[in-house]
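Novice: Here you go, sequence then predicted model.
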Amino acid sequence: MTIRTRFAPSPTGFLHVGGARTALFCWLQARANQGVFVLRIEDTDLQRSTPESVQAILDGMQWLGLDYDEGPIFQSERFGRYAEVVQQLLAADQAYHCYCSKERLQALREQQMKDGIKPRYDGKCRALDSAPEGFEPVVRFRNPQTGKVVFDDLVRGRISISNDELDDLIIARPDGSPTYNFTVVVDDLDMGITHIIRGDDHINNTPRQINIYRALGGELPVFAHVPMILGTDGARLSKRHGAVGVMQYRDDGYLAPALLNYLVRLGWSHGDQEVFSMDEMVALFDIRDVNRKASTFNTGKLDWLNQHYMKNLPAREVAAQLAWHFSDQGISTAGGPALEAVVGVQAERVKTLKEMAAQSRVFFEGYDSPDPNAARKHLRPVAAGPLQALLKNLQALEDWSPGPLHAVIDRVAAELEVGMGKVAQPLRVALTGTGVSPSIDKTLWLMGRQRSLAGIEKALKFIEARIAAQ
Ligand code: GLU
């Protein structure tokens, strides 16, 4: 049997972290079993669905590398099919028209609440002889009235619900538009879905859906309801916790493999391993290993993983993403150091690519005037000697790479009989205009010959002007 999974988001907002994790689990379950992964856009709610949300979902999936074998299939293009199945159920008497007015249903509800019973449709229209005039009916599914629905959820275990707790669900509204629990079953059947992996907020829908499967004579898929993601305060993760669309994580400087690695560990584990490449995830993932307990979103751990991936992915791959951030921050990289080199030097110093780009601007653009505090402290008259000696030695240096650059600084410090700091700190401010940068040899290397020499000359002029002003 070929495993077929689907991710079925409603395009009413961003692809958020919870949705992305569901998509990842569905994708992994398919990939781990040489199966098929389907993307279905559940846009039957024409009011709330927007093209922007559809695009955000497609962009998010693409950025994360969650490729699908079939789709995107839009439910809005399948209304004809749903109408056909509604007719089929009506003809088989597995569904019926219901003419109850909103007012009647409202009064029924209130009475049931008053009586302390769970509000549900009382089945008034189940056996009508004739259709009342002047009403646009809804279509209700004729739910079995006895027995129970039992299923074995791959995450939650055995679940059993008595049919007398389920009422006759509306499957088509007065305007004929179909409802979620119905369309989802028609689609999952038509698309041959074998494994339904989704958030456990849908768990109460599943027994109703199973009854519709049975009415349609379809084979039941396997269900796996994955637990919620919580914020650090224990409440369901939401915008309030800064939870945003996955593309925001790209904008904030996270690498897709880091976010995926982070997401897979929200609920799934393999021993105490924390770092998983995509290939490892595919090799090891099994939906049955997903934990039933909710997991908590922890930005610190995501940052840690992001840094891990910045340091350990091939620099070329990281550099390609870094290029996006340079351009996003309006930094032109033409004529600057190779981005792979920047990654090699900066990865251990920052948590995100956004920070990396910001802190590397100087390697591409230099600076206008030095930071006043750093200049006051380090560009003093005593620094003129070391800077002049550096300028002379660096001008003569042929191999502009970290080893030889380091040797020059050592030599200058030794010749002038001063500590390294007396040479390196003025040089750092001369090069970057600040007192903070990667190690001085790497800083020189990344700045490049021309920009470095120009920086030292600029610092010497600054010191001259300072002396003149005294
Ligand atoms: N469209 C539903 C949602 O976004 C998911 C339906 C399902 O996975 O069955 O919550």
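Specialist: Structure received.

Novice: When you work out contacts or count neighbours from here on, use the C-alpha atoms and nothing else.
Specialist: Fine.

Novice: Grab the nearest non-local neighbour of the closest residue to the ligand within the stretch 201-350 of the chain.
Specialist: Relative to the ligand, the nearest point of the stretch 201-350 of the chain is His202 (6.9 Å; Cα to the nearest ligand atom). Spatial nearest neighbour of His202, chain neighbours left out: His225 (7.5 Å); criterion: Cα to Cα, 6 or more residues apart in numbering.

Novice: Now do Ala320 against Gly35, distance only.
Specialist: 30 Å (Cα to Cα, to the nearest Å).

Novice: These two: which is more packed in?
Specialist: More crowded of Ala320 and Gly35, by other Cα atoms under 10 Å: Gly35, with 18 against 12.

Novice: tell me the secondary structure for Ala341?
Specialist: helix (DSSP: H, G, I helix; E, B strand; the rest coil).

Novice: For stretch 17-34, buried residues please.
Specialist: Neighbour counts over stretch 17-34 (16 or more other Cα atoms under 10 Å) mark 17-32 as buried.

Novice: which of the residues you listed lies closest to the ligand?
Specialist: Nearest to the ligand among these, with distances taken as Cα to the nearest ligand atom, is Gly19, at 7.7 Å.

Novice: Name the secondary structure element that contains that closest one.
Specialist: Here Gly19, judged by DSSP states H and E, is contained in helix 17-31.

Novice: Run through the neighbouring helices and strands of that helix.
Specialist: Contacting helix 17-31 under the criterion 3 or more Cα pairs under 8 Å, 6 or more residues apart in numbering; DSSP states H and E are the following elements: strand 4-7, strand 36-41, strand 195-199, helix 256-264, helix 278-284.

Novice: Need the CA coordinates for the second one. CSV is fine.
Specialist: What it means is strand 36-41. The C-alpha coordinates for strand 36-41 follow below in CSV (Å, rounded to 0.1, in the frame of the first residue of the first chain):
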residue,chain,number,x,y,z
VAL,A,36,2.8,10.7,-1.7
PHE,A,37,2.3,14.1,-0.1
VAL,A,38,-0.7,16.2,-1.2
LEU,A,39,-1.3,19.8,-0.6
ARG,A,40,-4.9,20.8,-0.4
ILE,A,41,-6.1,24.3,0.2
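
Novice: neighbouring strands for that strand, and are they parallel or not?
Specialist: Within its sheet, and counting by DSSP bridges, strand 36-41 is paired with strand 4-7 (parallel), strand 70-74 (parallel).

Novice: looking at those strands, which is buried most?
Specialist: Most buried of the strands paired with strand 36-41, by mean neighbour count (mean count of other Cα atoms under 10 Å): strand 4-7, with a mean of 27.

Novice: can you pull the buried residues of the helix or strand encompassing Ile161?
Specialist: Element membership of Ile161 [criterion: DSSP H and E] is strand 157-162. Neighbour counts over strand 157-162 (16+ other Cα under 10 Å) mark Ile161 as buried.

Novice: So which other helices or strands are in contact with the host helix or strand of Leu394?
Specialist: According to DSSP H and E, Leu394 maps onto helix 384-396. With contacts taken as 3+ Cα pairs under 8 Å, 6+ apart, helix 384-396 sits against helix 402-416, helix 420-432, helix 449-469.
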